[in-house]
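Visitor: the sequence and its predicted three-dimensional model are supplied below.
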Amino acid sequence: MKYKTAIEWLEDNLMVNPFSEKDFTNNVKIFKKAKKMEKQQMRECYENVFFNDSGSELKFEQYYNETYGKDA
């Protein structure tokens, strides 16, 4: 099961009915930037090391990709 970040949830809920094509295009750019910022904040917060259910160490990229998906 992949979890959604707060930015992904917001994107899903705000992109349903954009006012215009221009608004939609602008929103896509904004959400892409917000996702990059959120990922960087998470990286800094968690100090790049996690542990999986069996106690094995995971690097941040592996943890993030397994939890949120590679393109999140």
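Guide: Now that the structure is in, tell me what you want to look at.

Visitor: my read: Glu66 touches Phe60, true?
Guide: No - look at Glu66 against Phe60 with Cβ atoms under 8 Å: they stay out of range, at 10.9 Å. Where C-beta positions appear, they are placed from N, C-alpha and C, glycine not excepted.

Visitor: pick out whichever of those two has more residues nearby.
Guide: Using other Cβ atoms under 10 Å, the more surrounded residue of Glu66 and Phe60 is Phe60, with 17 against 13.

Visitor: do I have it right that that one meets Glu44?
Guide: No - between Phe60 and Glu44 there is no contact under Cβ under 8 Å: 9.6 Å.

Visitor: by contact count, what packs against the helix or strand hosting Asp23?
Guide: Per DSSP states H and E, Asp23 falls inside helix 21-46. Other elements packing on helix 21-46 under the criterion 3 or more Cβ pairs under 8 Å, 6 or more residues apart in numbering; DSSP states H and E are helix 6-14, helix 60-68.

Visitor: which stretches of this protein have low pLDDT?
Guide: 1, 15, 17-18, 45-53, 71-72 (pLDDT under 70).

Visitor: mind running it again at 80?
Guide: Counting by pLDDT under 80, the chain contains low-confidence residues at 1-2, 13-19, 41, 43-63, 70-72.

Visitor: quick one: buried residues of the helix holding Asp23?
Guide: With burial defined by 16 or more other Cβ atoms under 10 Å, the residues of helix 21-46 counted as buried are Phe31, Ala34, Lys35, Glu38, Lys39.

Visitor: determine which two of these are furthest apart.
Guide: Spatial extent of the buried residues of helix 21-46 (Cβ to Cβ) is set by the pair Phe31 and Lys39 at 12.5 Å.
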